[in-house]
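Visitor: Using only what follows, build the 3D model:
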Amino acid sequence: MKKHKIIFWTATIVAVSILTKSCNNNKKTKTTTDTIQKITPYLWVEKDAKAVADYYLSIFKNGKLKDFRKFDSTESGNDAGIETAVIEIEGIEFIILAAGPLFKFNEAVSFVINTKDQAETDYYWEALTANGGEEGSCGWCKDKYGLSWQVIPTEYFELIHSDDPKVRGKAMKNTLNQKKIILSELK
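Guide: Numbers count the residues shown, from 1 in each chain. I've put the predicted structure just below:
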């Protein structure tokens with residue numbers, strides 16, 4: 001357990017230093033504290049941070065790879081070494097850490113994708129559940145790495161918050177029978 005803690009803290013320090021360096025390289029900034037995202041999602045995966053980054057960037061078209069690093073076992077404290085990637089998707093930075101199978105994703109944390117319409121909902125649902133992802137219920141799914149997502153059309157919230165109890169009731173009842181949210185069945 002002590003070795004796991006050392007790997008975790010070493011990886012965290014490395015990732016934060018990469019994020020800080022990335023922010024300092026932005027010519028528009030004045031200081032690091034002005035540009036560091038206040039809260040940064042940190043995704044621990046088993047291996048190949050670059051492949052994971054490429055996977056998410058292939059799904060989310062408004063994204064970019066900001067940094068990628070490899071650290072050998074002496075630099076990282078991990079026998080297999082570690083890899084880190086910093087990606088930005090829709091203006092949000094994510095740090096991806098590949099440092100072995102010590103931790104796994106679960107449904108306790110998920111990311112919501114607010115979609116503009118059914119076509120966009122269908123796109124993200126299909127992209128995330130393909131190649132080893134899995135469908136859940138009520139708009140939840142997992143990608144091939146096991147990360148949980150909720151793919152929700154913004155119109156859905158209008159339906160479940162409607163002033164009309166019949167509209168709310170139908171939307172909620174039918175949501176419970178769906179995997180991917182299908183708006184036409186909720187109206």
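
Visitor: and W149, how many neighbours does it have?
Guide: Around W149 there are 22 other residues, counting by other C-beta atoms under 10 Å. No exception for glycine: its C-beta is placed from N, CA and C like everyone else's.

Visitor: Quick check: buried residues in the host helix or strand of it?
Guide: W149 is located in strand 148-153, with elements delineated by DSSP states H and E. Applying a neighbour-count criterion of 16 or more other C-beta atoms under 10 Å, the buried positions in strand 148-153 are S148, W149, V151, I152, P153.

Visitor: tell me the SS of A53?
Guide: helix (DSSP: H, G, I helix; E, B strand; the rest coil).

Visitor: quick one, what contacts the closest residue to it other than its chain neighbours?
Guide: The shortest distance from A53 to any non-neighbouring residue, by C-beta to C-beta, 6 or more residues apart in numbering, is to A85 (4.0 Å). Residues near A85 by C-beta atoms under 8 Å, 6 or more residues apart in numbering: A49, K50, V52, A53, L65, D67, F68, R69, I95, I96.

Visitor: Inside helices: which ones of the residues you listed?
Guide: A49, K50, V52, A53 (DSSP state H).

Visitor: Report the beta-bridge partners for the nearest residue to the second one once chain neighbours are set aside.
Guide: Nearest residue to K50 in three dimensions, chain neighbours excluded: F68, at 5.4 Å (C-beta to C-beta, 6+ apart). Beta-bridge pairing of F68 under DSSP bridges involves A85.

Visitor: What is the neighbour count of F68?
Guide: Neighbours of F68 using other C-beta under 10 Å come to 16.

Visitor: Could you do I39 as well?
Guide: 8.

Visitor: Equivalent analysis for the one 4 residues further on, please.
Guide: L43 is flanked by 20 other residues according to other C-beta under 10 Å.

Visitor: Describe which strands the stretch of helix or strand it belongs to pairs with in its sheet and in which direction.
Guide: L43 is part of strand 42-45 when elements are defined by DSSP H and E. According to DSSP bridges, strand 42-45 forms sheet pairs with strand 92-98 (parallel).

Visitor: List the buried residues for the partner strand?
Guide: E93, F94, I95, I96, L97, A98.

Visitor: then it to PDB, C-alphas only?
Guide: What follows is strand 92-98, C-alpha atoms only, in PDB (Å, rounded to 0.1, in the frame of the first residue of the first chain):
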ATOM      1  CA  ILE A  92     -12.000  22.000 -20.000                       C
ATOM      2  CA  GLU A  93      -8.500  20.500 -19.300                       C
ATOM      3  CA  PHE A  94      -8.200  16.900 -18.300                       C
ATOM      4  CA  ILE A  95      -5.100  15.200 -17.100                       C
ATOM      5  CA  ILE A  96      -4.700  11.600 -18.100                       C
ATOM      6  CA  LEU A  97      -2.300   9.500 -16.100                       C
ATOM      7  CA  ALA A  98      -1.200   6.000 -17.200                       C
END
